[in-house]
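Visitor: Generate coordinates for the sequence data below:
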Amino acid sequence: MTEEKKDDLNEQQTFLSGHEELLKSINSKTEIPDEQPEQIETPSIDKAPLTEESDVVHEPVAKEKKPVNEPEIAAPIAQPSPETSKPITVPNKIGGKKKKQQPQHSSQHEEVLKKQALEQQEVKEVLVFFQKYAKPVAIVIVVICAFILVDQFLKSQRQKKELRADTALMHAQSAEDLQAIVNDYASTLASPLALMGLAREKFNAGQIDEAEALYTQFLKKHGDSEQAAQAELNLIACKESKGQLGESHLLYGKFATDHKGSFLVPVALMGRARCLEVLGELDEAQIAYEDLIVNHPESSWSRLAEVNLKMVLAKKQ
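Guide: Got it, this is the predicted structure:
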């Protein structure tokens, strides 16, 4: 075998051995989880020196190769160095599923973050609202509570005072007791009753001027009360008792006209007829008594009017 053929065979052997080492390096560094690495069958090449018989077998390959002086045959296949070679990894199936689920997990995480941000914004708005309006609202609430407490306290005090005044009025036995109620409990409901009782006590005691002053005082303070009509009629009676008969019979007639339907009308008509009788105006007195008897037959004053009418008719004879 010629030297040229031997060189070609050695070059071919070097090429195949380098290719075999490259495949072994790749298979040893490749990590494929969950899958067993594929085994690459490579042709076994005997590294022993070639004999003349092998020269004969590989002679056709040597004929197909290009001349040695063409370096581009071995240039594309270079043996990688251990330092620069990187392991080839095969993507894991499980890892691939996680990557597919990653966008959904990311969107859920973004929704949670948005929700938290919205809640924090609402909390901030509430805090700002309370910082802005909490103090005025608190002041208003305190004022309302204070007003309610004061009102309840005053009502309680008024109730207690009313109770004491009613008790004092029930136990009053003299003009002095009634005067004390008028002085001490002027704002209670017992005060007008005590004032009326005091004026009546003065009238019955013959203190007509004092009684008249008390009735006048009552009408000024309690002119819209239920006892006002009685006080007005009693005031006319004070004038009659003082001898003011001409004025009194006119006031009695006016009272009967102004208070039609009142139970005090027969009393006023009786007073008017009485004043006319004393004044000697017997005809008018007779008409007044007859008016009382006809219009108020069921009144107790009607029977008294019948007696006085007989006396007027006797005077006229």
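
Visitor: what sits against Leu313?
Guide: For Leu313, the contacting residues are Gln286, by C-beta atoms under 8 Å, 6 or more residues apart in numbering. All C-beta atoms are positioned from the backbone trio N, CA, C, and that covers glycine.

Visitor: name the element it belongs to?
Guide: Per DSSP states H and E, Leu313 falls inside helix 300-316.

Visitor: Ok, Ser262 next?
Guide: Using DSSP H and E, Ser262 falls within no helix or strand.

Visitor: Could you check how far it is from Leu214?
Guide: From Ser262 across to Leu214, the span is 22 Å (C-beta to C-beta, to the nearest Å).

Visitor: now do Ala288
Guide: Note on Ala288: its distance to Leu214, by C-beta to C-beta, is 29 Å.

Visitor: before we move on, back to that, out of Ser262 and Leu214, which sits in the busier spot?
Guide: The residue with more neighbours, out of Ser262 and Leu214, is Leu214; 27 against 15, by other C-beta atoms under 10 Å.

Visitor: State the pLDDT value of the more buried one.
Guide: In the prediction, the pLDDT value recorded for Leu214 is 95.

Visitor: now Lys161
Guide: Model confidence at Lys161, given as pLDDT, is 83.

Visitor: Please name the nearest non-neighbouring residue to it.
Guide: Spatial nearest neighbour of Lys161, chain neighbours left out: Thr188 (5.9 Å); criterion: C-beta to C-beta, 6 or more residues apart in numbering.

Visitor: The one you found looks like it's in a strand, true?
Guide: No - under DSSP: H, G, I helix; E, B strand; the rest coil, Thr188 falls outside any strand and is assigned coil.

Visitor: from memory it sits against Thr167, does it?
Guide: No - between Thr188 and Thr167 there is no contact, the gap being 11.0 Å when judged by C-beta atoms under 8 Å.

Visitor: Looking at the two now, which is surrounded by more residues?
Guide: Set Thr188 next to Thr167 and count neighbours by other C-beta under 10 Å: Thr188 wins out with 20 against 11.

Visitor: Look up how far Asn308 lies from the nearest residue to Met196 once chain neighbours are set aside.
Guide: Nearest residue to Met196, sequence neighbours excluded (C-beta to C-beta, 6+ apart): Gln227, at 5.6 Å. The gap separating Gln227 from Asn308 is 28 Å, by C-beta to C-beta.

Visitor: residue ranges with poor pLDDT in the stretch 151-300 of the chain?
Guide: Judged against pLDDT under 70, the stretch 151-300 of the chain has no low-scoring part.

Visitor: Run through the helices of it in chain order.
Guide: For the stretch 151-300 of the chain, applying DSSP state H, counting those that start in this stretch gives helices covering 175-184, 190-204, 208-221, 228-241, 245-258, 265-279, 282-295, 300-316.

Visitor: could I get these as JSON lines with distance to Ala138?
Guide: Shown next, in JSON lines, are the helices of the stretch 151-300 of the chain (distance: least, C-beta to C-beta, whole Å):
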{"stretch": "helix 175-184", "distance to Ala138": "41"}
{"stretch": "helix 190-204", "distance to Ala138": "42"}
{"stretch": "helix 208-221", "distance to Ala138": "43"}
{"stretch": "helix 228-241", "distance to Ala138": "49"}
{"stretch": "helix 245-258", "distance to Ala138": "57"}
{"stretch": "helix 265-279", "distance to Ala138": "62"}
{"stretch": "helix 282-295", "distance to Ala138": "69"}
{"stretch": "helix 300-316", "distance to Ala138": "68"}
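
Visitor: wait, which of those helices is closest to Glu111?
Guide: Minimum separation from Glu111 across these (C-beta to C-beta) falls at helix 190-204, 75.7 Å.

Visitor: Only C-alpha atoms, please: export stretch 169-179 in CSV.
Guide: Listed next in CSV are the C-alpha coordinates belonging to stretch 169-179 (Å, rounded to 0.1, in the frame of the first residue of the first chain):
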residue,chain,number,x,y,z
LEU,A,169,-103.1,73.3,96.8
MET,A,170,-104.9,70.2,98.2
HIS,A,171,-103.8,71.1,101.7
ALA,A,172,-104.4,74.9,101.4
GLN,A,173,-106.8,76.0,104.2
SER,A,174,-106.4,79.8,104.2
ALA,A,175,-105.7,82.8,102.0
GLU,A,176,-102.1,82.7,103.2
ASP,A,177,-101.7,79.2,101.9
LEU,A,178,-103.1,80.2,98.5
GLN,A,179,-100.9,83.3,98.4
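
Visitor: And the contacts of that stretch?
Guide: Contact partners of stretch 169-179, identified using C-beta under 8 Å, 6+ apart, comprise Ala168, Ile181, Ala190, Leu193, Ala194, Leu195, Gly197, Leu198, Glu201, Lys202, Ala205.

Visitor: ok, those vs Asn10, which is closest?
Guide: Closest approach between the contacts of stretch 169-179 and Asn10, by C-beta to C-beta: Ala190, at 143.8 Å.
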